[in-house]
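Asks: Provide a 3D model corresponding to the input given below.
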Amino acid sequence: MHQTIEIEAPDGAAEAYLAGEAGRPGVLLYMDAIGLRPRIEEMADRIASWGYVVLAPNVFYRDGRAADLAPKADLREAGEREAFFAGGVGERVAAHGRDRTLADAPAWLARLGQHAGDGPVGVTGYCMGARMAVWTAGEFPGTVAAVGGFHGGGLVTDADDSPHRSIATSTAEYAFGHADQDRGMPLDAVAALDEALTAAGRPHLNEVYEGAAHGYTMADTSVYDEAGTERHFNVLRGLLDRTL
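Replies: Below you'll find the model as predicted:
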């Protein structure tokens with residue numbers, strides 16, 4: 001079962017894609033910077049097929065409806081992905097930091113809770129969504145039991161609100177699949193993330209997927225990597241099955 005629903009969020013109505021059978025364990029899926037679109041829905045459907053109910057909100061609802069923000073060109077074609085990102089996406093991503101993430105998260109979790117069974121939830125995020133997943137877990141210990149973060153950037157920074165600083169207050173198990181040679185998550189940042197996970201005593205996987213570029217799970221773009229995508233699905237399924 002799947003449907004598009006509306007959620008009353010702090011700054012207006014937000015679309016969200018809901019997949020899976022009611023009463024199953026809940027998973028919140030944070031989209032990448034390209035937005036809520038058929039590829040994100042496909043990924044939610046696949047996770048739901050494992051026995052979960054999945055909610056994928058349009059976190060950019062303040063900027064417009066999902067269809068209005070979605071790419072108009074085929075991002076698998078040469079140069080189109082780069083052109084799309086040059087068209088204001090960076091500004092949307094920069095505006096959606098920790099404050100907006102945590103302002104909206106209660107609405108997403110409450111709506112997910114209306115459909116999911118009792119018990120903790122998992123959160124998985126892609127690209128900027130990985131940051132959002134980590135922030136959410138730190139803000140809702142005891143509620144978020146699993147965090148997946150894949151081809152995430154900026155998980156470790158010098159800022160006070162750096163996502164990795166949220167790990168200490170969480171109660172989740174983590175699985176990270178970093179893109180190879182990702183400028184937004186270089187190897188020293190991967191190592192610092194591992195140190196934060198270890199210091200907090202959180203069980204985790206923190207791996208770099210060799211040969212997989214930033215955005216590797218997104219089959220509707222030119223950087224899609226099938227091997228990395230399938231590896232991520234296997235890791236994520238294991239994480240959710242262990243924790244939920």
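Asks: low-confidence ranges in the protein?
Replies: Within the chain, not a single segment meets pLDDT under 70.
Asks: for N58, what are phi and psi?
Replies: phi -80, psi 90 (degrees, to the nearest 10).
Asks: cool, and the one 4 residues further on?
Replies: When quoted as degrees, to the nearest 10, the phi and psi of R62 stand at phi -70, psi -30.
Asks: next one: V53
Replies: Here is the backbone geometry of V53 (degrees, to the nearest 10): phi -110, psi 130.
Asks: I'd say it and V27 touch.
Replies: Yes: contact criterion C-beta atoms under 8 Å: V53 and V27 qualify, at 7.2 Å. To be clear about C-beta, it is placed using only N, CA and C from the backbone, and glycine gets the same treatment.
Asks: who touches both of these two?
Replies: Both V53 and V27 are in contact with L112, where contact means C-beta atoms under 8 Å, 6 or more residues apart in numbering.
Asks: check the secondary structure at the residue nearest the centre of the chain for me.
Replies: Nearest to the mean C-alpha position of the chain, by C-alpha atoms, centre = their mean, lies G125 at 1.1 Å. Following DSSP: H, G, I helix; E, B strand; the rest coil, G125 is assigned to strand.
Asks: for the spatially closest residue to E77 that is not a sequence neighbour, helix, strand, or coil?
Replies: The shortest distance from E77 to any residue other than its chain neighbours is 7.2 Å, reached at S222 (C-beta to C-beta, 6 or more residues apart in numbering). For S222, the assignment made with three-state DSSP gives coil.
Asks: am I right that S222 is in contact with R81?
Replies: Yes: applying C-beta under 8 Å as the test, S222 and R81 come out as touching, 5.2 Å apart.
Asks: neighbour count winner among those two?
Replies: R81 (21 against 16; other C-beta atoms under 10 Å).
Asks: how near is the closest residue to that one other than its chain neighbours to T143?
Replies: In space, R81 comes closest to L75 once its chain neighbours are excluded; the distance is 4.4 Å by C-beta to C-beta, 6+ apart. Distance, L75 to T143, by C-beta to C-beta, to the nearest Å: 34 Å.
Asks: the more surrounded of these two?
Replies: Using other C-beta under 10 Å, the more surrounded residue of L75 and T143 is L75, with 23 against 19.
Asks: from Y126, how far off is the more buried one?
Replies: With C-beta to C-beta as the criterion, L75 and Y126 are 14 Å apart.
Asks: who touches both of S222 and R81?
Replies: L75.
Asks: which residues does G152 contact?
Replies: Contacts of G152 by C-beta under 8 Å, 6+ apart are G125, Y126, C127, M128, G129, A130, R131, V134, F176, H178, G184, M185.
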